[in-house]
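Chemist: pasted the sequence and its predicted model underneath.
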Amino acid sequence: MWAKERHQRILSMLDANRQVSANDLAGILDVSRETVRRDLLDLEEIGKVARVHGGAVLPEARTESPFRQRMTTQIRAKSEIAKKALSLIQPGQTIMVDAGSTTAVFARELVKLPSVSVITNSLDIATTLQADGREVILLGGRIAIDVPATVGELTLSEIRRFEVELCFSAPVALHPEKGSYFYDLREAEVSRAMAMQAVRSVVLADHTKLGATSRVHSWDIEMTGTLVTNRAAPKALLDQFQHVGIKVV
């Protein structure tokens, strides 16, 4: 049995039982425990399973820690992503940027492009860019409790008044088949609305967010034009994104 077939059998068993043991897999697949170990490592690398002692379980849905805490995690990766994302923007363009810890770091790099106009629902991003003296449009709406950003129907209606070349989004998870996810419904709605108004949508996501899902689906994978990630992202997972037509930076 080829590795791809074994992987499909393992995932089918997990869908049915939520967990599998390495011993059971070795017997059912008629392979050694070492082969099972390699298969589970491969599946874990692309986010399909979570290995536990003696076997594997389905990965838990991605949850989200408080915003200020997220601002202090994966800083190196977020900085790498932010710098690479600048290369996608042309002088004179108008872009939309949603609220998130990765996009907040991205805003610090945006100050290097003075001729770009920015529309955002993030108070942090608007403050960072306004201090640089550029044109910034801060979308109105209700201010969220955790994330310093505007959300709600007023924010969504204002987004629909604009058409832009690019939107930049920082979801909590991006899956190569299911698309982008957020933990908060209102953040997911804002991100989707921005993507609908942009010619091309760009996702900024470090390797820890790839191949996973979370509580609220935002947009289908087909709406993602470009993924900007860091070098730690598994090649096998990046190949999956490229296979569905996403440009990977």
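Modeler: It's in. Numbers count the residues shown, from 1 in each chain.
Chemist: for the longest helix that the chain contains, give the mean pLDDT please.
Modeler: For the chain, the helix with the greatest residue count under DSSP state H is helix 3-17. Average pLDDT, helix 3-17: 82.
Chemist: now whichever helix or strand comes after that helix: how far from the chain's centre is it?
Modeler: The helix or strand immediately downstream of helix 3-17 is strand 19-21, counting by DSSP states H and E. The chain centroid and the centroid of strand 19-21 are separated by 28 Å, computed with CA atoms, centre = their mean, to the nearest Å.
Chemist: what do you get for stretch 29-49?
Modeler: Offset of stretch 29-49 from its chain centre (CA atoms, centre = their mean): 25 Å.
Chemist: restricting to C-alpha, output that stretch in PDB.
Modeler: Provided in PDB are the C-alpha atoms of stretch 29-49 (Å, rounded to 0.1, in the frame of the first residue of the first chain):
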ATOM      1  CA  LEU A  29      -2.500  -1.400   7.400                       C
ATOM      2  CA  ASP A  30      -0.200  -4.400   7.700                       C
ATOM      3  CA  VAL A  31       3.000  -2.300   8.200                       C
ATOM      4  CA  SER A  32       5.500  -1.800  10.900                       C
ATOM      5  CA  ARG A  33       5.200   0.600  13.800                       C
ATOM      6  CA  GLU A  34       8.100   2.600  12.300                       C
ATOM      7  CA  THR A  35       6.100   3.000   9.100                       C
ATOM      8  CA  VAL A  36       3.100   4.200  11.100                       C
ATOM      9  CA  ARG A  37       5.300   6.600  13.100                       C
ATOM     10  CA  ARG A  38       6.500   8.100   9.800                       C
ATOM     11  CA  ASP A  39       3.000   8.400   8.400                       C
ATOM     12  CA  LEU A  40       1.800  10.200  11.600                       C
ATOM     13  CA  LEU A  41       4.800  12.500  11.400                       C
ATOM     14  CA  ASP A  42       3.900  13.400   7.800                       C
ATOM     15  CA  LEU A  43       0.200  14.000   8.700                       C
ATOM     16  CA  GLU A  44       1.100  16.100  11.700                       C
ATOM     17  CA  GLU A  45       3.400  18.300   9.600                       C
ATOM     18  CA  ILE A  46       0.600  19.300   7.400                       C
ATOM     19  CA  GLY A  47      -1.800  19.800  10.300                       C
ATOM     20  CA  LYS A  48      -4.100  16.800   9.700                       C
ATOM     21  CA  VAL A  49      -3.400  15.000  13.000                       C
END
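Chemist: all good on my end, thank you.
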